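Engineer: this is a predicted model, with the sequence first.
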Amino acid sequence: METTLINRKDAKLSLAHIYVGFIAVLLGGIAGLLQTFVRSGAITLPAGIGYYQLLTAHGVLLALVFTTYFIIGFLYSGISKTTGTLAEGPRKLGWAGYYVMTTGTVITTIMILTNDASVLYTFYAPLQASPWFYIGLALVVIGSWISGAGMFRQYRNWKKANPGQLSPLFSFMAVMTMLLWLIATLGVAATVVLQLIPWSFGWVDTINVLLSRTLFWYFGHPLVYFWLLPAYICWYVIIPKIIGGKIFSDSLARLSFVLFLLFSIPVGFHHQLLESGVSHTWKFIQVTLTFMVIVPSLMTAFSLFATFELSGRQKGARGLFGWVKKLPWKDARFFAPFMGMLIFIPAGAGGIINASNQLNQVIHNTLWVTGHFHLTVATSVALTFFGIAYWLIPHLTGRTLTKKINLLANIQTIIWVVGMAMMSGAMHTVGLLGAPRRTAYTTYSDYPDALGWIPYEVAMAVGGSFLFIGILVLVYIVVHLSFFAPKGVEAYPIGEVADQAERTPAILENWKLWISVCVALILFAYTIPIMEIIENAPPGSPGFRLW
Amino acid sequence: MHMHKYEKIWLIFGGITLIVFLSVIGVSAFAMGHHPPSDMTTIDPEKVKETAPFDDPGLKKIGDNEYEAVMVAQAFMFGEPLEVPKGATVHFKVTSADVVHGFSIPGTNVNMMVTPGHINTITHTFDEAGEFLIICNEYCGVGHQAMSGRIEVN
């Protein structure tokens, strides 16, 4: 068993990120719980707090703050583990990124709390928030770029020190994740800096709404892969070690990440399928490109189950499914991410429905969509991140994951899965009936169909309550592992590649090639539609503050 | 790159599934004409009420049991209730006078985005009698949950 801890200074950098992430989970979770109560008609908010203000806080804190901080903290730890202690430069960039991001997060949060930014986390123009809300978000993005630059530098240092060698799989995947993020955030940065900030300050009178939406979704679709790839890192690299197996194939793992970079970036129009101003031919082309991510997703599913089966058979499992019994079900480091993987099967199927040209018509902007991303990001990704935290935090603090906390972590996973099954199940069902997302309590003047949605909204509140209890248990575990667990050494599980796996072709590490292909695909998917959007633009829209 | 035999079988299976999915979508879109609403017409969002046909919104008969419903979505309403006979085909033509709105009729496949500066269109045939609700399903401000309209089908 590998027992060395990563460098203390590197550990501090990772922990600083992870703590902000979990504070965001607690605050965002409180907002989420209140939302389900309001929506089901159980409570009305005390004067001063608006439903849509809570909804903005929930989205920003969970979808943007929690994920980005946790991911950067986790990736820095793994890079330090697999390429060696961070050099001065990369570590300084990591801290610089942290402070810029945190400044941005604080500014954004204040704007939401003072009700100057109830525009939801998608901030669609021409609803107009305070310019400081957009500046805060821009700082979060710029901070994450600085952190990414630190990781790229550390990776390059390693490549220089080890010429001709294959880079460690974890670091390769971390660089790929940050590269995807960098390319994706160019879109949102463009709309925030060039369109939203000048317009919200009043320097320009109007905004091209369709262009801002297109730039937003150019970012918004790869954003979900930015959440998923770190979970895949855990599934590909960490889980094989935890179950006592080997990575099925290094080359397949790298190839799937290359394909995720290529196919998750150049598409965003499927989020805009139901709007005017984009021709249906381009919508169809982007739907086709969207569907291509099915290929690396299926490769991932294959690799994972191949690893499970091989390790089970090595431990003497017999029969077609005997290996299932050999998996370490009582180990929270495995159980939480595994439940995440399992839920990714229905979640992914739902994603195919959302991206389909015609099926989207039925579910667009209904609670179905909310149900969908509560399965993907709030279950598959979140449970995997929780599973990572259960060993990563003690590893970084020099403490251990005790049996008792491990049991509590398994209970947390069960609470989460049960709560999410109820909440997301109700959301999916009532969404099919037409209930809209992002809408406060309403019966539309006692319209019969809308009254029929209320029982589902009550089920959402019950599920939401389970999830909130889950968050409280989670926060207890995180605090315990950080400050009170017994001192000791908790392993950083990094899997090794199976002996029978094929040698990895060098082409998979040819960054110039993959970035060029990626740029070409983006130009293909976006040049003509964006030109059309600019050339056929209607007169712009002034800003509105309708809250 | 050499691949494991099972991996190849799995990827071929996945590839075929992908082709089947895309063919279904493509045939449905291009051979059967089931495109999502993609109207390319633009309008000045600040002059909606002076611009035809939105200067005179409402239901207009344009053929045998065929109607055009011209509507302006704005915070937080869709305009007067509509009355259409059973079996009527209604072409909805909608734009926004302010922010982004949604336009959906639960219980039907009518669902589209209404963005300022653009006109969006969708067609539906009301084969069943009853009262239908039009709702805004995109957040448009503090009164968003109240934004609805009615269609009476007799």
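Structural biologist: Nice, thanks for sending it over.
Engineer: what residue in the stretch 301-450 of chain A comes nearest to chain B?
Structural biologist: Residue nearest to chain B within the stretch 301-450 of chain A: residue A:434 (2.7 Å; Cβ to the nearest Cβ). C-beta coordinates here come from the backbone N, C-alpha and C atoms, glycine included.
Engineer: once you drop chain neighbours, what's closest to that residue?
Structural biologist: residue B:106 (2.7 Å; Cβ to Cβ, 6 or more residues apart in numbering or on different chains).
Engineer: relative to residue B:130, how far out is the one you found?
Structural biologist: Noted for residue B:106: a distance of 12 Å to residue B:130, by Cβ to Cβ, to the nearest Å.
Engineer: where does the chain dip in pLDDT?
Structural biologist: With no chain named, the answer covers chain A. A:1-3 (pLDDT under 70).
Engineer: try chain B instead
Structural biologist: Those would be B:1, if you go by pLDDT under 70 across chain B.
Engineer: let's go with 90 and repeat that
Structural biologist: Along chain B, the model assigns pLDDT under 90 to residues B:1-8, B:10-11, B:14, B:17, B:33-35.
Engineer: burial of residue B:33, as a residue count?
Structural biologist: Residues near residue B:33, counting by other Cβ atoms under 10 Å in any protein chain shown, number 8.
Engineer: which ones are touching the residue of the stretch 301-450 of chain A closest to chain B?
Structural biologist: For residue A:434, the contacting residues are A:366, A:449, B:104-107, B:135, by Cβ atoms under 8 Å, 6 or more residues apart in numbering or on different chains.
Engineer: the helices in the stretch 1-150 of chain A, which residues?
Structural biologist: A:8-39, A:51-58, A:67-83, A:88-113, A:131-161 (DSSP state H, counting those that start in this stretch).
Engineer: and chain B, which of those helices is closest to it?
Structural biologist: helix A:51-58 (6.5 Å).
Engineer: so what's the residue count around residue 125?
Structural biologist: This is for chain A. Neighbours around residue A:125, by other Cβ under 10 Å: 29.
Engineer: that was the other one, I meant chain B.
Structural biologist: Residue B:125 has 13 nearby residues by other Cβ under 10 Å.
Engineer: quick one: contacts for it?
Structural biologist: Residue B:125 neighbours (Cβ under 8 Å, 6+ apart): B:87-90.
Engineer: residue A:173 versus that one, what's the distance?
Structural biologist: Taking Cβ to Cβ, one finds residue B:125 at 51 Å from residue A:173.
Engineer: just the ones of the contacts of residue A:434 in strands?
Structural biologist: Of these, the ones assigned to strands by DSSP state E are B:104, B:135.
Engineer: highest neighbour count among the contacts of residue A:434?
Structural biologist: residue B:135 leads the contacts of residue A:434 on contacts (other Cβ under 10 Å) with 28 neighbours.
Engineer: so that residue sits right up against residue A:444, yeah?
Structural biologist: Yes - if you go by Cβ atoms under 8 Å, residue B:135 and residue A:444 touch, sitting 6.7 Å apart.
Engineer: give me the common contacts of those two.
Structural biologist: With Cβ under 8 Å, 6+ apart as the test, residue B:135 and residue A:444 both reach residue B:148.
Engineer: am I right that the residue nearest to residue A:434 is in contact with residue B:135?
Structural biologist: Yes - with contact defined as Cβ under 8 Å, residue B:106 reaches residue B:135; the gap is 6.8 Å.
Engineer: show me what contacts the residue nearest the centre of chain A?
Structural biologist: The centre of chain A sits closest to residue A:227, judged by Cα atoms, centre = their mean, with a distance of 2.3 Å. Taking Cβ under 8 Å, 6+ apart as the criterion, residue A:227 is in contact with A:67, A:71, A:376-377, A:381.
Engineer: what secondary structure does the residue of the stretch 301-450 of chain A closest to chain B sit in?
Structural biologist: coil (DSSP: H, G, I helix; E, B strand; the rest coil).
Engineer: next one: the one 10 residues further on
Structural biologist: Under three-state DSSP, the three-state class of residue A:444 is coil.
Engineer: next one: phi and psi at it?
Structural biologist: Torsion angles at residue A:444 (phi, psi; degrees, to the nearest 10) stand at phi 50, psi 60.
Engineer: count the residues that sit near it.
Structural biologist: By other Cβ under 10 Å, neighbour count at residue A:444 equals 21.
Engineer: and what of residue B:20?
Structural biologist: Neighbours around residue B:20, by other Cβ under 10 Å: 10.
Engineer: and it, what element?
Structural biologist: According to DSSP states H and E, residue B:20 maps onto helix B:5-26.
Engineer: ok, now which ones touch the residue nearest in space to the middle of chain B?
Structural biologist: The centroid of chain B falls nearest to residue B:112 when counting by Cα atoms, centre = their mean (3.2 Å). Contacts for residue B:112 (Cβ under 8 Å, 6+ apart) come out as A:274-276, B:36-37, B:94, B:102-104, B:120, B:122.
Engineer: what do you get for residue A:155?
Structural biologist: A:79, A:83, A:167, A:171, A:174-175.
Engineer: residue B:97 now?
Structural biologist: B:45, B:48-49, B:72-74, B:116.
Engineer: which SS class is the residue nearest to residue B:142 when sequence neighbours are not counted?
Structural biologist: Closest residue in space to residue B:142, ignoring its immediate chain neighbours: residue A:547 at 4.3 Å, by Cβ to Cβ, 6+ apart. For residue A:547, the secondary structure call by three-state DSSP comes out as coil.
Engineer: tell me the spacing between residue A:547 and residue A:65.
Structural biologist: 22 Å.
Engineer: what's the answer for residue A:307, then?
Structural biologist: Distance from residue A:307 to residue A:65, by Cβ to Cβ: 32 Å.
Engineer: neighbour-wise, which of these two wins?
Structural biologist: Comparing residue A:307 with residue A:65 by other Cβ under 10 Å, the one with more neighbours is residue A:65, at 26 against 22.
Engineer: I appreciate the help and will end here.
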